[in-house]
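*Asks:* Sequence plus predicted model, see below.
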Amino acid sequence: MKNIIFLTFFLLLSSGLVYGVGIAQPSLEERQLVFKPGLEATYDFQILNADRIHTYVAGDLAQYATIIDDAQDSGPRGIQARIKLPQELAPGRYEILIGAKELPKDSSMIGGVAAIQSRISILSLYDGVYPQFSFAARDVNINDKATFKVNVLNLGKQDIAIAQGIIDIYDLNNNSITTINTDIQSIPSNSNVELNATFDTSKFSLQPGIYIARARYTYNGIILNQTDEQKFMIGQMRITITDWSRTIYVNTTNKFTVNIESDWAADIKDVYAKIQFPNENRPVKTPNMDLIKDISSDKTTVKASTMLETYWETAGMNTGMTKVDVEIFYDKQTIRQTLDVNVTTSPIPILEQPKKFDMLAFKDNNIILLNMTIPMTVFLMIVLSIIVLFNIYYFAARKKKGGNSANVEPAINNMYNINNNGTSKVVDNNAQKDRK
C-alpha cells in the first residue's frame, strides 16, 4: 500500500512538472517571413505557468536570432526575440524556434521536464516561378456533384501566368470513366491559389463504391510529370437482407438462412452474421462469406449476393410467429434487423403411390416395354433384325457341318413310316427286331 501511495504521489508531481509551462505568442501569419537580405524582425512573447523557466533559441537559423530575457530562470515574465537575417540565403524553408523550459524547484527532485516552443518560419523564394501542386478529392453521394480541389503554391519570385489541373476518373479496375478540368488562374509570387473541378456523377451509371481520381498539372504551357492519386467514395457501402427462412419446424434441427445482397461497386470480404434465436441465451455466429461482384453478359455490373446460414434447435418451442434478431458485420460496419419467423409443426409426409408396371403394352402407335416407350416402327425393325441374324447364324452352322447334314433327313424319315397318302406313324425299331 505504501508503494502505491508513493507511486501515485510521484505521478501527480511529475505530471504537474511536464504540463505546466506555457507561452503566449504572436499570430501564425506574423511568424511567417519571406527572406529578404538583412531582414530584421522583433517578436514579443509571454512565458507563464511555472516558477522557474529557462528560455532558449533553436532551429535552422538559430544563429540569426537573439532572446532578450532580463530574468532568466525566474517565474512568469515577458521576453523578446530579435531576428536579423543574412544577406544571402539559399532557396527553401527554414525555421527559428523560441523555447521555454520549466526547471524543477529543487535540483534533487526527480521528474519530467516540460518545454514548449514557438516556431518562426522563413521562406527563401526561388528564381523565376516555382509551383507546388497538391490535390484533394472528396466523397460524394450518388447522382450528386463532387468538387475536386487542386492547390497551387508559387514559391518563385515571378508570377505564374496560367495554371490548371486535369483530373482523370477511374474505377478500381482502372477502367476510365471521364476526365474533368479545373478552372484556369494565375498564381502570384509567394501565393496560394485553389483551382476547382466539378464531377457530376448523375451523368454516369455509377454504382456505390470506391473510385480513383488522378490529377495532372500544367502551368505556363508546361505539363508536369507529377501525378497525384486520391481514392474517393460514391454513395455508401450497404448490405441489405432480401430473404430468410420464414418457416421453421418445432422439435427438430432447422437450417436457418439469411440472403443478403449489395450494389457496392467492389467485392465485400468476410461478411458474417450473429443471429439471436428466441430460445437461445447467446447469438449464433454464421461462417464468413464474401460478396463477390459479378459482371453480366452485357458487361454491366450486377448486385452481389450470398447466403449466410446456421442451424436452429427448436426443441420445446411453442408454435406461432416469433422474432429473430440478426446483426450483419462487414468492413467495420454493421446492420441490424428483426425478422419474423413462423414456428410450426412438421408437415405429415405424403406417401408416394407405387407406380403401375406393365411388361408389354401398346399406346399411340408406340410399344411400352418394361416401362420404356418405343415407337412401333423401331420395335418392328428390332424384331426383323433379330430374325435375320438368327437365319444367318442357322445357315452358317449348317454349312459348317458339311456332309453330316445329308444323313439327317433319312434318319428322321426312318423314325416315321410315311404312307403314300401322306399319313405317318411312329415305328419302334426295337419292336421290329423282337418280331424277327
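*Replies:* Noted; the coordinates are in hand.

*Asks:* Residue 199 falls within a strand, correct?
*Replies:* Yes - checked against DSSP: H, G, I helix; E, B strand; the rest coil, residue 199 lies within a strand.

*Asks:* what about it, how many neighbours?
*Replies:* Each residue near residue 199 was counted by other Cβ atoms under 10 Å, and the total is 23. (Glycine included, C-beta is placed from N, CA and C.)

*Asks:* and it, what does it touch?
*Replies:* By Cβ atoms under 8 Å, 6 or more residues apart in numbering, the contact set of residue 199 is 140, 145-148, 167, 169, 178, 180, 213.

*Asks:* Likewise for residue 344?
*Replies:* Here residue 344 is in contact with 247-250, 319 (Cβ under 8 Å, 6+ apart).

*Asks:* Present the residues you listed as TSV; the columns should include secondary structure.
*Replies:* Converted to TSV, the contacts of residue 344 look like this (three-state DSSP):
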residue	secondary structure
247	strand
248	strand
249	strand
250	coil
319	coil
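
*Asks:* from those residues, which is closest to residue 256?
*Replies:* Here the nearest of the contacts of residue 344 to residue 256, counting by Cβ to Cβ, is residue 248; it sits at 7.0 Å.

*Asks:* What score does that closest one have for pLDDT?
*Replies:* According to the prediction, residue 248 has pLDDT 94.

*Asks:* wait, it sits on residue 343?
*Replies:* Yes - between residue 248 and residue 343 there is a contact under Cβ atoms under 8 Å: 5.2 Å.

*Asks:* Count the neighbours of the closest residue to residue 221 other than its chain neighbours for me.
*Replies:* Residue nearest to residue 221 in three dimensions, not counting chain neighbours: residue 162, with 7.9 Å by Cβ to Cβ, 6 or more residues apart in numbering. By other Cβ under 10 Å, 12 other residues sit near residue 162.

*Asks:* can you tell me how far residue 162 sits from residue 228?
*Replies:* 19 Å (Cβ to Cβ, to the nearest Å).

*Asks:* Any regions of the protein where pLDDT drops low?
*Replies:* Residues of the chain that meet the criterion pLDDT under 70 lie in 1-19, 106-112, 294-302, 348-374, 401-436.

*Asks:* okay, now the domains of it?
*Replies:* Domain segmentation of the chain under automatic domain parsing yields 2-124, 131-234, 240-344, 361-436.

*Asks:* where do the helices sit along the protein?
*Replies:* Counting by DSSP state H, the segments of the chain that form helices are 2-18, 376-401, 408-414, 429-435.

*Asks:* Output the contacts of residue 344 in JSON lines, with neighbour count and distance to residue 194 appended to each entry.
*Replies:* Formatted as JSON lines, the contacts of residue 344 follow (neighbours: other Cβ atoms under 10 Å; distance: Cβ to Cβ, whole Å):
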{"residue": "247", "neighbour count": "10", "distance to residue 194": "60"}
{"residue": "248", "neighbour count": "20", "distance to residue 194": "60"}
{"residue": "249", "neighbour count": "17", "distance to residue 194": "65"}
{"residue": "250", "neighbour count": "16", "distance to residue 194": "67"}
{"residue": "319", "neighbour count": "14", "distance to residue 194": "67"}
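
*Asks:* Closest one of those to residue 311?
*Replies:* The closest of the contacts of residue 344 to residue 311 turns out to be residue 248 (Cβ to Cβ; 10.8 Å).

*Asks:* show me the contacts for that closest one.
*Replies:* Neighbours of residue 248 in contact, by Cβ under 8 Å, 6+ apart: 254, 256, 312, 314, 341-344.

*Asks:* and if we set it to 10 Å?
*Replies:* Listed by Cβ atoms under 10 Å, 6 or more residues apart in numbering, the contact set of residue 248 reads 254-256, 277, 312, 314, 317, 319, 322, 324, 341-344.

*Asks:* Specify the beta-bridge partners of the residue nearest to it when sequence neighbours are not counted.
*Replies:* In space, and not counting its chain neighbours, residue 248 is closest to residue 254: 4.8 Å by Cβ to Cβ, 6+ apart. Counting by DSSP bridges, residue 254 is bridged to residue 312.

*Asks:* Who are the contact partners of residue 389?
*Replies:* Counting by Cβ under 10 Å, 6+ apart, residue 389 has no contacts.

*Asks:* Hmm, I typed the wrong one, I wanted residue 133.
*Replies:* 150-153, 163, 165, 195, 215-219, 224, 226-228.

*Asks:* what are the phi and psi angles of residue 188?
*Replies:* In terms of degrees, to the nearest 10, the main-chain angles of residue 188 are phi -60, psi 160.

*Asks:* I'd guessed it sits against residue 131; true?
*Replies:* No - taking contacts as Cβ atoms under 10 Å, residue 188 lies outside contact range of residue 131: 11.6 Å.

*Asks:* from the contacts of residue 344, which is closest to residue 52?
*Replies:* Nearest to residue 52 among those, with distances taken as Cβ to Cβ, is residue 248, at 76.1 Å.

*Asks:* ok, the closest one to residue 170 distance?
*Replies:* In terms of Cβ to Cβ, residue 248 sits 47 Å off from residue 170.

*Asks:* ditto for residue 309
*Replies:* 37 Å.

*Asks:* cool, and residue 31?
*Replies:* Residue 31 is 42 Å from residue 170, by Cβ to Cβ.

*Asks:* which one of those two has more residues nearby?
*Replies:* The neighbour comparison of residue 31 against residue 170 (other Cβ under 10 Å) goes to residue 31, with 19 against 15.
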